[in-house]
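Asker: Show me the folded form of this:
(one chain, ligands or ions: 1)
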Amino acid sequence: MRAAELDLARYTVWLESETDFAGWRDAARRLALNEIPPGDIGWQIATDACPPQNALPNVPEGAQLVVPREFIGRAETAFCHSDPGRFAFLYRVLWRLRTEPKLLSIASDVDTKRLETMEKAVRRDSHKMHAFVRFRKIGNGEDERYVAWFEPDHFIVERNADFFVRRFTGMRWTILTPHASADWDGERLAIGPGATKADAPAEDDTEALWRTYFENIFNPARLKVKAMQKEMPKKYWRNLPEASLIPELIAGADKAAIAMIAKMPTTPPPHHAKVQARHWPKKPPAEAPDDDASSISELREAAKGCRRCPLWRDATQTVFGEGPDDARVIFVGEQPGDQEDIAGKPFVGPAGKVFDAILDDAGVDRQKVYVTNAVKHFKFEPRGKRRIHSKPNAGEVQACRWWIDREFALIKPDLAVALGATAALSLLGKAIAVTKMRGQVVEREDGLRVFITIHPSFILRIQEPAEKEAERERFLKDMRQVKRLMAA
Ligand code: URA
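Answerer: Numbering: from 1, shown residues only. Below is the predicted model of the structure:
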């Protein structure tokens, strides 16, 4: 509303901020119950120079405002829209609802349409925020925290802060935006004033990880530049570490697609959609869990609702680690396979059988060790009726470190055994050449000793019998060494 109009308004409502929905709601209720029409009201945001000076009529005794229940929820969403006319608009809708209670179901009504458009824009912006906030690490040890800069179109920080608390409960983080900031110190969420991009750090080591993740999920055969830009609009590119790869990936897409098609199975997966539908959870798992598990069984329970990466969607269930809470050694595999996904237990399928037999030969009692995986959900490609194992990428491994770090923190073993490259990546935080480092013990900064060996499925894949037997012997030798290290 312009100044001249404001002067004409009989009532001026001063809201405390762009997102002061409670203030709007209280004022709107008082005004509507006093029959003050929309044209008589001006809406303003208070500032330090211009503090709130509300002088609104009281609610007449016994008066009640009846509006459809859905309106409040919908108004709260639309309230986050950046349209400066939204306060007056929402009051107009409220005003009309008193005498047109079915208004919100009249899709052709101009106000109903506008309300819906605003809600959609806020939801879409929130979705983009969930997908494109990129934290950058600052500080180390006690001072370690993660800071992100994000530029939403609407006033959505307060609305979405809880999502990040649930998703990144274990981290201390701050999200800075031009309008507001959200800060989580591990226990409390605080909403503060807006910031500038210069307040956020520019680069850190996780950039490389995001780029690797994006490179891995980028599918050149499915490249649709327009659709991609719709999903990841250009305005977000400047704050996304992986975006620096986009022009390069698009340019190389034809060549990459040809190479990819050459590697694909000759028959396309005809039941893909059906298989996916069957494995889609009937009921979505609980929201991301809290970070206060004080035992492995609590942690296992919490992991059932894990959504830290997209793999939960297609997997049947989370396959958590198993073994005694006080095991002295933790074996880490890559990810559950088809049978583990169905059984909900690690290493029970073909690779698990090889593993068990060799542990037994080496004199290591599986009941006394803890066995887990770097990634807790089965990643696969449907091919016909089969689900073919697909290697987890660096982003998925990183997302799942949240769990494995907590398994280690609770069990406190003396030794970890990395079964293959994915486990080594998870445990050491960097890719290593397993064939070169096999049989070695690497000591991590926190003092944990990590023994490197191959994944038992490697033995399964060898066709030639003599070679297979030789590899089995080498793995047995590694397991004997593990037994000696356990005793040391
Ligand atoms: N391979 C793994 O890495 N883990 C399992 O649980 C099964 C197969």
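Asker: Mind telling me what element Leu476 is part of?
Answerer: helix 465-487 (DSSP states H and E).
Asker: measure Glu144 to Trp173 for me?
Answerer: Distance, Glu144 to Trp173, by Cβ to Cβ, to the nearest Å: 10 Å. The C-beta positions use only the backbone N, C-alpha and C, and glycine is treated the same way.
Asker: Of the two, which one has the most company?
Answerer: The residue with more neighbours, out of Glu144 and Trp173, is Trp173; 22 against 11, by other Cβ atoms under 10 Å.
Asker: now that one, which residues is it bridged with?
Answerer: Trp173 forms beta bridges with Tyr146, Trp184, as assigned by DSSP bridges.
Asker: Can you report how many residues lie near the residue in the stretch 301-450 of the chain positioned nearest to the ligand?
Answerer: Of all residues in the stretch 301-450 of the chain, Gly333 sits closest to the ligand, at 2.7 Å by Cβ to the nearest ligand atom. Gly333 has 28 neighbours, counted by other Cβ under 10 Å.
Asker: cool, Ala399 as well?
Answerer: Using other Cβ under 10 Å: Ala399 sits among 22 other residues.
Asker: cool, Ala343 as well?
Answerer: There are 16 residues near Ala343, going by other Cβ under 10 Å.
Asker: what packs against the helix or strand where Arg124 lies?
Answerer: Counting by DSSP H and E, the element that carries Arg124 is helix 110-132. With contacts taken as 3 or more Cβ pairs under 8 Å, 6 or more residues apart in numbering; DSSP states H and E, helix 110-132 sits against helix 69-78, helix 86-97, helix 157-167.
Asker: Need those helices in TSV (columns: mean neighbour count, distance to Lys483 and mean pLDDT).
Answerer: Shown next, in TSV, are the helices and strands packed on helix 110-132 (neighbours: other Cβ atoms under 10 Å; distance: least, Cβ to Cβ, whole Å; pLDDT from 0 to 100):
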stretch	mean neighbour count	distance to Lys483	mean pLDDT
helix 69-78	16	60	95
helix 86-97	21	68	98
helix 157-167	19	40	90
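Asker: Endpoint to endpoint, stretch 150-165 covers what distance?
Answerer: For stretch 150-165, the first-to-last residue distance is 16 Å (Cα to Cα, to the nearest Å).
Asker: Touching it from outside, list them.
Answerer: Stretch 150-165 has contacts (Cβ atoms under 8 Å, 6 or more residues apart in numbering) with 18-19, 77, 80-82, 121-122, 125-126, 128-130, 132-133, 173, 175-182, 184, 189, 191, 235-236, 239.
Asker: Would you list the buried entries among these?
Answerer: Buried members of the contacts of stretch 150-165, scored by 16 or more other Cβ atoms under 10 Å, are 18-19, 77, 80-82, 121-122, 125-126, 128-129, 132-133, 173, 175-177, 179-182, 184, 236, 239.
Asker: so who does Arg474 touch?
Answerer: When contacts are counted by Cβ under 8 Å, 6+ apart, Arg474 is found next to Ile454.
Asker: Any part of the helix holding Leu476 near the ligand?
Answerer: No. If you take Cβ under 6 Å from any ligand atom as the test, helix 465-487 misses the ligand, and the best it gets is 13.9 Å.
Asker: I'd like the average pLDDT over that helix.
Answerer: Helix 465-487 shows a mean pLDDT of 94.
Asker: Can you give me the buried ones in it?
Answerer: Within helix 465-487, the residues scored as buried using 16+ other Cβ under 10 Å are 471-472, 475, 478-479, 481-482, 485-486.
Asker: How about stretch 318-326?
Answerer: Here stretch 318-326 shows 318-323 as buried, counting by 16+ other Cβ under 10 Å.
Asker: taking the residues you listed one by one, which sit in helices?
Answerer: Among these, DSSP state H puts none in helices.
Asker: Can you pick out the ones from these that are in strands?
Answerer: Among those, no residue falls in strands (DSSP state E).
Asker: Next, the contact list for Ala46, please.
Answerer: Residues in contact with Ala46 (Cβ under 8 Å, 6+ apart) are 14-17, 52.
Asker: Any of the residues you listed buried? List them.
Answerer: 14-15, 17.
Asker: right, and Tyr91 touches Ala28 too?
Answerer: Yes. Between Tyr91 and Ala28 there is a contact under Cβ atoms under 8 Å: 5.3 Å.
Asker: about what we covered before: render the CA-only coordinates of the helix holding Leu476 in CSV, please.
Answerer: Extracted in CSV, the C-alpha atoms of helix 465-487 (Å, rounded to 0.1, in the frame of the first residue of the first chain):
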residue,chain,number,x,y,z
PRO,A,465,38.7,-72.5,-10.2
ALA,A,466,42.4,-72.4,-9.5
GLU,A,467,42.4,-68.6,-9.4
LYS,A,468,39.3,-68.6,-7.2
GLU,A,469,41.0,-71.0,-4.7
ALA,A,470,44.1,-68.9,-4.6
GLU,A,471,42.1,-65.8,-3.9
ARG,A,472,40.2,-67.6,-1.2
GLU,A,473,43.5,-68.5,0.4
ARG,A,474,44.7,-64.9,0.3
PHE,A,475,41.5,-63.8,2.0
LEU,A,476,41.9,-66.5,4.6
LYS,A,477,45.4,-65.3,5.3
ASP,A,478,44.0,-61.8,5.8
MET,A,479,41.4,-63.0,8.2
ARG,A,480,44.1,-64.9,10.2
GLN,A,481,46.0,-61.6,10.4
VAL,A,482,42.8,-59.9,11.7
LYS,A,483,42.6,-62.6,14.4
ARG,A,484,46.2,-61.8,15.4
LEU,A,485,45.4,-58.1,15.5
MET,A,486,42.3,-58.7,17.6
ALA,A,487,44.5,-60.4,20.2
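Asker: Distance from it to the middle of the chain?
Answerer: Offset of helix 465-487 from its chain centre (Cα atoms, centre = their mean, to the nearest Å): 39 Å.
Asker: How is this protein partitioned into domains?
Answerer: 3-126, 133-199, 215-262, 271-487 (automatic domain parsing).
Asker: hey, least reliable of those domains by pLDDT?
Answerer: For those, mean pLDDT drops lowest on domain 215-262, to a mean of 60.
Asker: interface residues of the stretch 301-450 of the chain facing the ligand?
Answerer: 333-337, 340, 346-347, 349, 351-352, 373.
Asker: Considering these, which possesses the most neighbours?
Answerer: Neighbour-wise, these (other Cβ under 10 Å) top out at Pro336, 31 neighbours.
Asker: what about Asp153, neighbour count?
Answerer: Using other Cβ under 10 Å, the number of residues around Asp153 comes to 15.
Asker: can you check Ala431 too?
Answerer: Counted with other Cβ under 10 Å, Ala431 comes out at 13.
Asker: What of the one 10 residues further on?
Answerer: Residues near Val441, counting by other Cβ under 10 Å, number 16.
Asker: now swap in the one 5 residues further on and tell me
Answerer: Applying other Cβ under 10 Å, we find 7 other residues in the vicinity of Asp446.
Asker: Three-state assignment for it, please.
Answerer: Secondary structure, DSSP: H, G, I helix; E, B strand; the rest coil: Asp446 is coil.
Asker: measure it to Tyr11 for me?
Answerer: From Asp446 over to Tyr11 the distance is 62 Å, taken as Cβ to Cβ.
Asker: what does Phe89 give?
Answerer: 17 Å.
Asker: Lovely, talk soon.
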